[in-house]
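Student: no sequence on this one, just coordinates:
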Ligand SMILES: Nc1ncnc2c1ncn2[C@@H]1O[C@H](COP(=O)(O)OP(=O)(O)OP(=O)(O)O)[C@@H](O)[C@H]1O
């Protein structure tokens with residue numbers, strides 16, 4: 001049996017090699033190779049439909065038809081030992097509308113760790129309420145909250161039990177600029193004070209500037225990875241958005257060249273076939 005606890009804390013939080021995912025009849029992630037460093041915020045950025053949610057689902061172990069290697073916190077993705085070590089927030093806030101914010105959190109705290117003493121659970125609930133700045137709304141029904149407040153309840157659920165890895169799928173969608181800034185401040189605080197690793201997806205490029213490292217995706221592939229500074233320097237761009245667009249144009253040009261090459265070789269092949277046909281009919 002593998003002794004996961006002997007793994008070094010210097011190992012990446014996530015390590016993927018040849019990660020491939022098929023959804024329906026389509027391969028939506030193509031042999032991805034990447035790492036997510038521990039204790040840092042890694043932004044997963046790319047246009048709608050490029051595969052960000054699929055990659056996150058694979059990391060948390062809820063995605064079917066995953067092949068290749070995907071290690072998370074030293075164990076294979078989806079391993080039962082990882083359940084309490086990962087917090088995951090999906091795009092759709094998963095809260096019960098007919099329960100108050102505090103009742104929602106208390107319920108999820110009990111589900112996460114049924115054996116825990118009620119007093120410990122209550123402390124944890126109060127802590128995460130304060131983390132997401134919802135203490136003053138703790139008694140409100142979740143169904144009566146704004147979209148942004150509901151998102152923060154979902155985030156609070158993911159923070160219960162102090163997970164080592166937080167996987168947040170577009171956590172700032174629909175939030176106003178002040179809330180977005182406050183949430184990013186909270187993400188940085190979680191990484192700095194608890195040493196937690198955050199994998200945060202977004203298709204808003206200015207959020208990339210707030211991450212320690214980035215995975216830029218396009219059409220089921222990793223276009224580039226590295227720090228925002230390194231990506232800007234590599235492409236001679238002023239912003240990560242400009243760097244991303246530069247890389248997209250470069251990849252599209254390479255696609256066209258490859259398609260042209262394929263087209264050329266197809267034409268050559270058909271000419272040769274035609275010649276062979278002529279030869280054989282002579
Ligand atoms: N249930 C499904 N069955 C088949 N294909 C799917 C399914 N869900 C998603 N896909 C396809 O997988 C690809 C990746 O989808 P995914 O949701 O991972 O993208 P995304 O980058 O997270 O998009 P968004 O930013 O819009 O959430 C898309 O082309 C999508 O059409």
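Tutor: Noted; the coordinates are in hand. As the structure is a prediction and not an experimental result, all values here were calculated from the model.
Student: for the helix or strand harbouring residue 151, packing partners?
Tutor: Element membership of residue 151 [criterion: DSSP states H and E] is helix 147-159. In terms of contacts (3 or more Cβ pairs under 8 Å, 6 or more residues apart in numbering; DSSP states H and E), helix 147-159 is packed against strand 86-89, helix 101-112, helix 118-131, strand 165-168, helix 177-194. In short, each C-beta sits where N, CA and C put it, glycine included.
Student: and that helix with helix 118-131, angle?
Tutor: Orientation check (axes from the mean of the first three to the mean of the last three Cα atoms, to 10 degrees): helix 147-159 against helix 118-131 gives 140 degrees.
Student: would you mind listing the buried residues in helix 147-159?
Tutor: Residues of helix 147-159 classed as buried: 148-159 (neighbour count, 16 or more other Cβ atoms under 10 Å).
Student: can I get those in a markdown table with pLDDT and distance to the ligand?
Tutor: Formatted as a markdown table, the buried residues of helix 147-159 follow (pLDDT from 0 to 100; distance: Cβ to the nearest ligand atom, whole Å):
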| residue | pLDDT | distance to the ligand |
| --- | --- | --- |
| 148 | 81 | 18 |
| 149 | 87 | 21 |
| 150 | 88 | 18 |
| 151 | 85 | 15 |
| 152 | 88 | 20 |
| 153 | 93 | 20 |
| 154 | 91 | 16 |
| 155 | 90 | 17 |
| 156 | 93 | 22 |
| 157 | 93 | 20 |
| 158 | 91 | 18 |
| 159 | 91 | 22 |
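Student: tell me the one of those nearest residue 221?
Tutor: Relative to residue 221, the closest of the buried residues of helix 147-159 is residue 158; by Cβ to Cβ it sits at 27.7 Å.
Student: what about the closest residue to that closest one other than its chain neighbours, distance to residue 43?
Tutor: Distances taken as Cβ to Cβ, 6 or more residues apart in numbering place residue 87 nearest to residue 158, at 3.3 Å, with adjacent residues excluded. Distance from residue 87 to residue 43, counting by Cβ to Cβ, to the nearest Å: 17 Å.
Student: now swap in residue 260 and tell me
Tutor: Where residue 43 is concerned, residue 260 sits at a distance of 33 Å (Cβ to Cβ).
Student: looking at the two, which is more packed in?
Tutor: Neighbour comparison, residue 260 and residue 43: the larger count goes to residue 43, with 23 against 10 (by other Cβ atoms under 10 Å).
Student: quick one: name the residues of the stretch 51-200 of the chain near the ligand.
Tutor: Contact residues (Cβ under 6 Å from any ligand atom) of the stretch 51-200 of the chain with the ligand: 51-54.
Student: now neighbour count, distance to residue 130 and secondary structure too, for those residues, in JSON lines please.
Tutor: Listed next are these as JSON lines, based on neighbours: other Cβ atoms under 10 Å; distance: Cβ to Cβ, whole Å; DSSP: H, G, I helix; E, B strand; the rest coil:
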{"residue": "51", "neighbour count": "24", "distance to residue 130": "35", "secondary structure": "coil"}
{"residue": "52", "neighbour count": "23", "distance to residue 130": "29", "secondary structure": "helix"}
{"residue": "53", "neighbour count": "18", "distance to residue 130": "29", "secondary structure": "helix"}
{"residue": "54", "neighbour count": "19", "distance to residue 130": "33", "secondary structure": "helix"}
